[in-house]
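**Q** A predicted structure for the sequence below; I have some questions about it.
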Amino acid sequence: MFTDTHAHIFHCDYENIEQIIQNAKENNINRIILSGYNKKTNKEVLQLVNEFDEFYGVIGYHPTETYDITEKDILDLQEMLDNPKILGIGEIGLDYHYENTNKEIQKKYFNLQLSLAEKLNLPVVIHSRDAGMDVLDIIKKYNIKGVIHSFSGSLELANEYIKKGFILGISGVITFKNCKLINILDEIDIKNIILETDSPYLTPVPYRGQRNEPAYIMNIVKFICENQKIDVDQLSKFTNANIKSVFDI
């Protein structure tokens, strides 16, 4: 059995969530960890994990959403975390992709959320785009564990994250034609990864261009197993052990 460790299954993108869950079960996916990223989706994560047994969640503020929050929102976040099916703080981090990026605001709220995670002894799910070294420098200041969501950096950066005790989240990007991520898996221990879809985004081949969903984890599984010469049961064992080591699930 597998878990989709990072998905955004919200009503704005999915008209029939029950069917999405059924599709996942039919493809050997028994759990889905929903990731909030702003006020609206954090509240929806809380609603959905209470409504569906298969859903767990993390909540937090994505770096591109930090321009619209205050420190009070971080205090409110702490209260929202008091739910046994909320496993950690995420999706948080840094994103320098856009020209109008306010790096200082992003760093402020990244640090505040990391400090909260350390205080509550909760794992974090980190978004990093065009900001790998800054993310690394900041997380080194905290006694935390977690996941680097949809990792796509260099081998050197992968090794640094692993050294810090983080797990690398591998998404459908690995199946893309010109992606070099599979080469990094050749150089690191396969036991340092977990699998995610980032639904409705980053749909793997052969469904690229369509809306993603947790059932497509199996396309990532098959791609990795074929390239790494391991069987599906081995990959399931490794990834489930990693999920257990990071999340209280």
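**A** Looks like it arrived, so ask away.
**Q** shaky segments in this protein?
**A** Along the chain, the model assigns pLDDT under 70 to no residue.
**Q** ok, longest helix in it?
**A** helix 103-120 (DSSP state H).
**Q** what's the following helix or strand past that helix in contact with?
**A** Downstream of helix 103-120, the next assigned helix or strand under DSSP states H and E is strand 124-129. Strand 124-129 has contacts (C-beta atoms under 8 Å, 6 or more residues apart in numbering) with 6, 35, 58, 60, 62-63, 88-97, 113-114, 117, 135, 139, 144-150, 153, 166, 169. Where C-beta positions appear, they are placed from N, C-alpha and C, glycine not excepted.
**Q** filter those residues down to the buried ones and hand me the ChimeraX line.
**A** Here is the ChimeraX selection string for the buried members of the contacts of strand 124-129, based on 16 or more other C-beta atoms under 10 Å:
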select :6,35,58,60,62,63,88,89,90,91,92,93,94,95,96,113,114,117,135,139,144,145,146,147,148,149,150,153,166,169
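**Q** so which of the contacts of strand 124-129 are in strands?
**A** 6, 35, 58, 88-95, 146-148, 166, 169 (DSSP state E).
**Q** farthest-separated two in those?
**A** Spatial extent of those (C-beta to C-beta) is set by the pair Gly88 and Asp95 at 19.0 Å.
**Q** distance check, Pro123 against Asp248.
**A** As for Pro123, its distance to Asp248 is 8 Å (criterion: C-beta to C-beta, to the nearest Å).
**Q** mind checking which of these two has more residues around it?
**A** Set Pro123 next to Asp248 and count neighbours by other C-beta atoms under 10 Å: Pro123 wins out with 21 against 12.
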